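Colleague: the sequence and its predicted three-dimensional model are supplied below.
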Amino acid sequence: MPEERKADGSQTLERGLVALRLLAEAPQGLGAAEIADRLGIHRSMAYRLLMALTRQNFAARDDAGRYRVGLSFFTLAEQVRPPLLDLAQPVLRELAAELGATACLVVPENEHAVAIAVIEPPGPGPRFSYRVGNRDPLDRGAGGIAMLAAGPVLDGEPERVREARRAGYVVTHEEVVPGTFGIAAPIRSSGTPVGPSAVNVITHRQEIADRAIPLVMAAAERINRLLTSPSGSHRPQ
């Protein structure tokens, strides 16, 4: 097959995957024209991508002509769901309720800390525009720094990473989200397919940030114990 044809095929696949990501990030749905605009392609090409996704049930078209993610997206995601999520979510739920603050689980992807679980506290109160899939730089924000601290010591790594490794936690202020504190602790277990991870709490209140430090550390340690349990029978109560 000519190299140009291979490149075209790879580009089409990449565009289709980006289109699927756009649909996943738009619960209200997107039209073909919106997909075309965001991908920088002709509307007819966007329509062909959406039709391919629809035939495989990765997208679904409603009566208004807008597309949303389809059932195949959810069933595939459930089939490859990492055990880390099932172990961590109850722990994060307890942490969020105890602190009255948003609790997250973050894992590395390339040069970013990506939230794969976000638990809001119960009851009324402020909510942050922080959701599953949120991406922050690894070298800024408590979650990324804690994840770096969960990994091996690297030559030339920032002193704040070394300090987080020694202390078992890191606190940042307004590094990612204006007006907020981030409090994170590394999950040191390497026995998970996603590699190092971290528990991260986000709050705009100084007193919650101060109180969160031992609780976040305890949550990370609890998840770590669950991950490394030989029997795999332990579950958060």
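Modeller: Received it, and whenever you're ready, just let me know what you need.
Colleague: every contact and neighbour count from this point should use C-alpha atoms.
Modeller: Will do.
Colleague: and the residue nearest the centre of the chain, bridged to which residues?
Modeller: With distances taken as C-alpha atoms, centre = their mean, the residue of the chain nearest its centroid is A115 (2.1 Å). Here A115 sits in beta bridges with V106, as judged by DSSP bridges.
Colleague: right, and it touches L105 too?
Modeller: Yes - here A115 reaches L105: they are 5.7 Å apart, a contact under C-alpha atoms under 8 Å.
Colleague: tell me where the chain has helices.
Modeller: 3-24, 32-39, 43-55, 71-79, 83-99, 142-150, 159-167, 206-228 (DSSP state H).
Colleague: any idea how far the residue nearest to the centre of the chain is from A101?
Modeller: Distance of A115 to A101, given as C-alpha to C-alpha, to the nearest Å: 15 Å.
Colleague: before we move on, what about E109?
Modeller: Distance from E109 to A101, by C-alpha to C-alpha: 25 Å.
Colleague: which residue of the two possesses the greater neighbour count?
Modeller: Under the neighbour definition other C-alpha atoms under 10 Å, E109 and A101 were set side by side, and A101 has more, 25 against 13.
Colleague: show me which helix or strand of this protein is least confident by mean pLDDT.
Modeller: None of the helices or strands of the chain scores lower by mean pLDDT, DSSP states H and E than helix 71-79, at a mean of 70.
Colleague: low-confidence ranges, this protein, go.
Modeller: 1-9, 76-82, 124-129, 189-194, 230-237 (pLDDT under 70).
Colleague: domains of it?
Modeller: Each domain of the chain is listed here as a residue range: 3-77, 81-228, per automatic domain parsing.
Colleague: what's the most buried one of these?
Modeller: For the domains of the chain, the largest average neighbour count (mean count of other C-alpha atoms under 10 Å) is found in domain 81-228, namely a mean of 19.
Colleague: chain center to that one: distance?
Modeller: Between the centre of domain 81-228 and the centre of its chain there are 11 Å (C-alpha atoms, centre = their mean, to the nearest Å).
Colleague: now stretch 63-78
Modeller: Using C-alpha atoms, centre = their mean, the offset of stretch 63-78 from its chain centre is 19 Å.
Colleague: just stretch 57-75 next, same as before
Modeller: Computed by C-alpha atoms, centre = their mean, the separation of stretch 57-75 from the middle of its chain amounts to 22 Å.
Colleague: so who does the closest residue to F58 other than its chain neighbours touch?
Modeller: Nearest non-adjacent residue to F58, counting by C-alpha to C-alpha, 6 or more residues apart in numbering: G70, 4.5 Å away. With contact set as C-alpha atoms under 8 Å, 6 or more residues apart in numbering, G70 has these partners: T54, N57, F58, A59, A60.
Colleague: what's the answer for A88, then?
Modeller: L105, I223.
Colleague: for it, give its distance to F74.
Modeller: A88 is 20 Å from F74, by C-alpha to C-alpha.
Colleague: likewise for G143?
Modeller: Taking C-alpha to C-alpha, one finds G143 at 27 Å from F74.
Colleague: wait, doesn't G143 sit right on V176?
Modeller: No - the pair G143 / V176 is not scored as a contact, 10.1 Å apart, by C-alpha under 8 Å.
Colleague: ok so, going back, pick the one among the contacts of G70 closest to L226.
Modeller: Nearest to L226 among these is F58, at 33.3 Å by C-alpha to C-alpha.
Colleague: quick check: R162 touching A149?
Modeller: Yes - between R162 and A149 there is a contact under C-alpha under 8 Å: 6.6 Å.
Colleague: quickly list what's touching both of the two.
Modeller: Here R162 and A149 share no contacting residue, scored by C-alpha under 8 Å, 6+ apart.
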